[in-house]
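K.L.:
this is the structure alone, sequence omitted:
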């Protein structure tokens, strides 16, 4: 099983893909790998946090990407862009938490 930081990093890649290629994307299709990352992030979010919670931006990003895939409107894409820096910070914090738990 991959650590949470890898799923969050994968979600960052997916969000960047959605931001760069929205017109080429089929509006009804979710990006490849999204479903697995979203399911794992939601699963971890439902658990009690052992350290600082690092899944809030991931949950927001999943909802924004699903909203964008559902109707393709620009306000979803703006939310994806606004959430991206927060998600990067939380992914780094999750990585630091995991590294601390290993040592």
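P.N.:
It's in. Everything numeric here is computed off the predicted structure, so don't read it as measured data.
K.L.:
and the gap between residue 18 and residue 87?
P.N.:
Distance, residue 18 to residue 87, by C-beta to C-beta, to the nearest Å: 12 Å. C-betas here are computed from N, CA, C, even on glycine.
K.L.:
equivalent analysis for residue 8, please.
P.N.:
As defined by C-beta to C-beta, residue 8 lies at a distance of 7 Å from residue 87.
K.L.:
so between those two, which is more surrounded?
P.N.:
It is residue 8, of residue 8 and residue 87, that has more neighbours when counted by other C-beta atoms under 10 Å, with 26 against 23.
K.L.:
so the more buried one makes contact with residue 56?
P.N.:
No. Proximity of residue 8 to residue 56 does not meet the contact threshold set by C-beta atoms under 8 Å, at 10.9 Å.
K.L.:
find residues that contact each of residue 8 and residue 87.
P.N.:
Both residue 8 and residue 87 are contacted by residue 58, under the criterion C-beta atoms under 8 Å, 6 or more residues apart in numbering.
K.L.:
need phi/psi at residue 31.
P.N.:
Dihedral angles phi and psi of residue 31 (degrees, to the nearest 10) take the values phi -60, psi 150.
K.L.:
right, and it touches residue 11 too?
P.N.:
No. Between residue 31 and residue 11 no contact is recorded; they are 9.8 Å apart, counting by C-beta under 8 Å.
K.L.:
who are the neighbours in contact with residue 48?
P.N.:
Contacts were defined as C-beta under 8 Å, 6+ apart; by that measure residue 48 touches no other residue.
K.L.:
that one and residue 16, how far apart?
P.N.:
30 Å.
K.L.:
which SSE is residue 2 in?
P.N.:
Under DSSP states H and E, no helix or strand contains residue 2.
K.L.:
how much space separates it from residue 95?
P.N.:
Between residue 2 and residue 95 the computed distance is 12 Å (C-beta to C-beta).
K.L.:
mind listing the helices for the chain?
P.N.:
Listed from the start of the chain, the chain has helices (DSSP state H) covering 4-20, 34-46, 56-71, 74-102.
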